[in-house]
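Asker: Give me the fold of what follows.
(chains A and B)
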Amino acid sequence: DTGVSQDPRHKITKRGQNVTFRCDPISEHNRLYWYRQTLGQGPEFLTYFQNEAQLEKSRLLSDRFSAERPKGSFSTLEIQRTEQGDSAMYLCASSRENTGELFFGEGSRLTVL
Amino acid sequence: AQSVSQHNHHVILSEAASLELGCNYSYGGTVNLFWYVQYPGQHLQLLLKYFSGDPLVKGIKGFEAEFIKSKFSFNLRKPSVQWSDTAEYFCAVTPLEYGNKLVFGAGTILRVKS
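Answerer: Sure, this is the predicted structure:
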């Protein structure tokens, strides 16, 4: 399967710990997006990259959150000093530039105790 | 606030019933419109999309959606649902003046009774 893959699929951590999620997009896609989804809500935009450049960040992305896409391929999303409110599904998606059609991974579910 | 609104959070239908899920958006400029579906235990998948042209768009699995610009709406329809259509459906909009990010509605959970 050459779809978007995310790792880990599930992460349980204690409040105050740091966590990192990885996303491998579809190889020919130059845009990569991070979304967050909580129960009963649709996915909320966090940030996106075109190649290695981070072009937009949502106000939802506090300074405890950082995302990178160092070589324009895979991306990481790190959350420092996790809080219970960070518990959510973190979704990665990729697309070709200007198509507007996003292909989503299965998500990384974070539970902060 | 600019947003995407889905009218029903939960819908329960019997097999063979007709389906219409409402979606309205509040962006005034040019938009691209999408419906995504998430089957139980699976990732979000594109059901159909509208960029321009014929406002009646046909997607996979017999779904269609109609873009009515004057009503800022993009409702999803299917004439006869099947048990396998049980899923969560998300309307999403790309307001082009705000870049290329998708803005999602809250989703509608559809349960089809066999």
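
Asker: For whichever residue of chain A sits closest to chain B, give me the pLDDT.
Answerer: For chain A, the residue positioned closest to chain B under C-beta to the nearest C-beta is A:G42, at a distance of 3.3 Å. C-betas here are computed from N, CA, C, even on glycine. Confidence at A:G42, expressed as pLDDT, is 94.

Asker: In contact with the closest residue to it other than its chain neighbours: list those residues for me.
Answerer: Ranked by C-beta to C-beta, 6 or more residues apart in numbering or on different chains and with sequence neighbours excluded, the top spatial neighbour of A:G42 is B:F104, at 3.3 Å. By C-beta atoms under 8 Å, 6 or more residues apart in numbering or on different chains, the contact set of B:F104 is A:35, A:42-44, B:4, B:36, B:90-92.

Asker: Got the phi and psi for the nearest residue to A:D7 once chain neighbours are set aside?
Answerer: Distances taken as C-beta to C-beta, 6+ apart place A:R22 nearest to A:D7, at 4.9 Å, with adjacent residues excluded. With angles defined as degrees, to the nearest 10, A:R22 sits at phi -120, psi 150.

Asker: Let me know whether A:R22 touches A:P70 as I believe.
Answerer: No: with contact defined as C-beta atoms under 8 Å, A:R22 and A:P70 do not form a contacting pair (11.8 Å).

Asker: With neighbour numbers in mind, choose between the two.
Answerer: When A:R22 and A:P70 are compared for neighbours, A:R22 comes out ahead with 14 against 9, by other C-beta atoms under 10 Å in any protein chain shown.

Asker: Start and end of stretch B:82-102, how far apart?
Answerer: 28 Å (C-alpha to C-alpha, to the nearest Å).

Asker: taking the mean pLDDT, what do you get for that stretch?
Answerer: 88.

Asker: near chain A at all, that stretch?
Answerer: Yes: using C-beta under 8 Å from any C-beta of the partner chain, we find that stretch B:82-102 touches chain A at B:90, B:92, B:94, B:99-102.

Asker: can I get those in JSON lines with neighbour count, secondary structure and distance to B:G59?
Answerer: As requested, the residues of stretch B:82-102 next to chain A are exported to JSON lines (neighbours: other C-beta atoms under 10 Å in any protein chain shown; DSSP: H, G, I helix; E, B strand; the rest coil; distance: C-beta to C-beta, whole Å):
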{"residue": "B:F90", "neighbour count": "25", "secondary structure": "strand", "distance to B:G59": "13"}
{"residue": "B:A92", "neighbour count": "25", "secondary structure": "strand", "distance to B:G59": "13"}
{"residue": "B:T94", "neighbour count": "21", "secondary structure": "strand", "distance to B:G59": "17"}
{"residue": "B:G99", "neighbour count": "11", "secondary structure": "coil", "distance to B:G59": "25"}
{"residue": "B:N100", "neighbour count": "20", "secondary structure": "coil", "distance to B:G59": "21"}
{"residue": "B:K101", "neighbour count": "23", "secondary structure": "coil", "distance to B:G59": "22"}
{"residue": "B:L102", "neighbour count": "26", "secondary structure": "coil", "distance to B:G59": "16"}
